[in-house]
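> A structural model of the following input is requested.
(chains A and B)
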Amino acid sequence: MNQVKKFVSKNAVPILFAIVCLLGVYYAEMPGQFLLMEIVKRMARNSFLVLSLIIPVVAGMGLNFGIVLGALAGQIALILSTHWEWAGIGGLGLTALLATPLAALFGFLAGMVLNKAKGREMITGMVMGFFANGVYQFIFLFLVGTLIPFDNPTLRISTSPGLRNTVNLSRLRGVLDNVWTVQYGFTKIPIVTFMVIALLAVAIWAFFKTKLGQDFRAVGQDRHIAGVAGIQTDRNRILAIVFSTVLAAWGQIIFLQNIGTLNTYNSHEQVGTFAIAALLIGGASVTRATIGQALMGTFLFHLLFVVSPSAGQAIFGSAQVGEYFRVFVAYGIIAISLALHAWRSKSLSKVSMEEDVTA
Amino acid sequence: MKRRLSLVLVLVLIFGLIGVVEAAALPFKIGVVTGTVSQGEEEYQAAVKMVARYPGSVEHVTYPDNFMQEQETVIGQILQFAMDPEIKAIVVCQAVPGTTAAFNTIRDMRDDIVLIMGLPHEDPDMIAGAVDFAMETDQIRRGANIAELAHRMGAKKILHYSFPRHMSMELLAVRYNNMKEEAEKLGLEVIDVTAPDPMGDAGIPGTQQFILEDIPRQAELHGEDIAFFGTNCAMMEPAIRASMEAGIIFPEQCCPSPFHGYPGALGIEISEDRKGDVDYILEQISAKVAEQGNSGRMATWVAPINMIFVEAGVELAIQSIQHGLDLSDQAAVEEAVYEATGIRISLNRYKDDANFYLVIADSIIF
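Numbering: from 1, shown residues only, chains lettered A, B, ... in the order given. I've put the predicted structure just below:
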């Protein structure tokens, strides 16, 4: 009995979310085929991005809202690759390669800033995302076509400087997904994309077994003790953000090759919030995140996204109430998960304080 | 004889009624995707109207208010229709980003489905390849039209309110340029005003507040003979209110329609049975404008263009499925739209090889 209680209280958020999702599935009465198709697609699109958040959490830097920087690096590489007309899986590989140094540079700069703002990494990361967005818009809406010579009629607005608001990624659309797919009814399961995600999961797991991985963990547990033990904490923190940013850049490339169109000025905006919401729903917290939680969270978060409009419509009988229903359920639960975490860490610290007193 | 005649009459009546009922039920279904009322009341109401016209045959869902950020949900909502084999047409208005991606996916799955977009947001060259039929207000011709209309209404200068994200849309950028060119010919000056992006950090309220504060400022600076033009829907209500108060000229909205901004700004109540009644609303606006002494300085299109996109989209889909209407036949499409909505619009092809039409309707000055 005690064990059950412990399990429930430990996994309260995913359990709550799973219940709501099941209710949603029940009321939505969706064709199972559609449900399966959407979930497979969304898992393939988003898992990589969510996984890219794990390393900074373990390194004690909280949820990396700065993955927006990585997404931007990925998009810059995609814009250039569209300009140079790279195509196919080779083109996608080259694009990822092109994005890597950019993302590493962004990650390095972000890491430097975050080291100056220890303890406030999350809000700093978020604001950095806004800042980077402004710089990005400035470059692609103003400098391209004025200071930066760029004359590609399919990419540039015909009458003024700046890139068009949508970039057609037709040459790269689905190239990774379609290397090897298994058809099940309507659903095309992109085996290679899932293999890439699995590879990343294994790599993260293996990474934490290495010396560097252990150092990250030590820094995450207690920065001061790690420092005393001779670990270069600042350098490790920067490295953690660099890894995360590079992974996010690749994740964004995988995401966009699946969608097939790039919204030049918007595709990156919500990357951080959505990936973080998914991770939290999987039961992760600001200080602890595992691969299983990331994948579970991605699954649950997107399952609710798929079923809630129809469920809302079925329950309330109006198309738009369905939409509001989805928004308040999804974000309500995320708010609960954050509150639960705060409440739990508070009671934990209380327990440890009591223990201190009794000792 | 009399009896027989009455029997025949009764029979005619009954069959006539059955005929009407049959016309309302279609042998297939059509999916309609619009925004919620917080994004645009017109498309939503038009879709509700179509559901009522074809009960059980038209299904209506909405895309998220945050469509820019929740593109995956936009795609999912559209794709959901394609899973139902009875759905033979999908109409999306406004075709927000993600629609093209969804249509491309549907094309991979099915080829027996008519895909229609109203007011596409994505790049025209890109969407042209994905749709069977698309309609958009004719931004290219509108540029010059607005300048000409403003001139006719007595404007000396045109204030163009926009922000970078909108100016990166090809058609809006072209419209702006055409407006500027025509204005120069007519001796008008076009003044750029950059407003906060409603999708930015300040949100819609930030934009609306800016509009409310900036119009009186501009009127003080440039005098009353200036015309307001804004590129964003959220600007319209505060802009109409502020224009009335400052006494400046308002040639038309971003999406011209008597229902867009006017009722809210002028405090016109529309009862349930008057919803979508164009003549009534035109009359009301005229009266209110005259009451506040700004006659001859406020205008819009006679047709609520976004509503027409939804209605015409559904009707054209039916025509094309049931009667094989050729959607690339411009004259036939114009005629079909007139039959369906009772409003004459003029079409203009955007590109030779695609059914992407640009639409213009007549203006009315109150």
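> next, residue 200: secondary structure please.
Using chain A here. helix (DSSP: H, G, I helix; E, B strand; the rest coil).
> got a list of what the closest residue to it other than its chain neighbours touches?
With sequence-adjacent residues excluded and distances taken as Cβ to Cβ, 6 or more residues apart in numbering or on different chains, A:Leu200 is closest to A:Leu51, at 5.4 Å. Just so you know, the C-beta spots here come from the backbone N, C-alpha and C atoms, and that holds for glycine as well. When contacts are counted by Cβ atoms under 8 Å, 6 or more residues apart in numbering or on different chains, A:Leu51 touches A:Ile197, A:Leu200, A:Ala201, A:Ile204, A:Leu247, A:Gly251, A:Ile291, A:Ala294, A:Leu295.
> phi, psi of A:Leu51?
The phi/psi pair for A:Leu51 (degrees, to the nearest 10) reads phi -60, psi -30.
> residue numbers of the stretch 101-250 of chain A in contact with chain B?
Contact residues (Cβ under 8 Å from any Cβ of the partner chain) of the stretch 101-250 of chain A with chain B: A:130, A:137, A:141-142, A:154, A:157-160, A:162-166, A:168, A:173, A:186.
> same thing but at 7 Å, please
Within the stretch 101-250 of chain A, the residues that sit near chain B (Cβ under 7 Å from any Cβ of the partner chain) are A:130, A:137, A:141, A:157-160, A:162-166, A:168, A:186.
> break chain B down into its domains, please.
B:30-131+B:306-344, B:140-301 (automatic domain parsing).
> now render those as a markdown table, adding mean neighbour count, distance to chain A and mean pLDDT.
Shown next, in a markdown table, are these (neighbours: other Cβ atoms under 10 Å in any protein chain shown; distance: least, Cβ to the nearest Cβ, whole Å; pLDDT from 0 to 100):
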| stretch | mean neighbour count | distance to chain A | mean pLDDT |
| --- | --- | --- | --- |
| domain B:30-131+B:306-344 | 21 | 4 | 89 |
| domain B:140-301 | 19 | 4 | 91 |
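> sorry, back to before: quick one: pLDDT of the residue nearest to A:Leu200?
Looking at A:Leu51, its pLDDT reads 95.
> returning to that earlier point: okay if I get the domains of chain B as TSV plus distance to A:Leu114?
Formatted as TSV, the domains of chain B follow (distance: least, Cβ to Cβ, whole Å):
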stretch	distance to A:Leu114
domain B:30-131+B:306-344	24
domain B:140-301	21
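> of the residues of the stretch 101-250 of chain A next to chain B, which is the most crowded?
A:Thr166 (27 neighbours; other Cβ atoms under 10 Å in any protein chain shown).
> I'd assumed A:Tyr265 was in contact with that one.
No: contact criterion Cβ atoms under 7 Å: A:Thr166 and A:Tyr265 do not qualify, at 9.4 Å.
> hmm, back to that, of the residues of the stretch 101-250 of chain A next to chain B, which is the nearest to B:Ile127?
A:Thr166 (8.7 Å; Cβ to Cβ).
> any idea which of the domains of chain B gets closest to A:Val57?
Using Cβ to Cβ, the domains of chain B put domain B:30-131+B:306-344 closest to A:Val57, at 23.1 Å.
> can you pull the contacts of the residue positioned nearest the centre of chain B?
Residue closest to the mean C-alpha point of chain B, counted by Cα atoms, centre = their mean, is B:Asn306 at 2.0 Å. Listed by Cβ atoms under 7 Å, 6 or more residues apart in numbering or on different chains, the contact set of B:Asn306 reads B:Gly40, B:Glu42, B:Glu43, B:Cys93, B:Leu119, B:Cys255, B:Ser257.
> where does the stretch 251-359 of chain A dip in pLDDT?
A:319, A:322-323, A:348, A:350-359 (pLDDT under 70).
> many thanks, have a good one.
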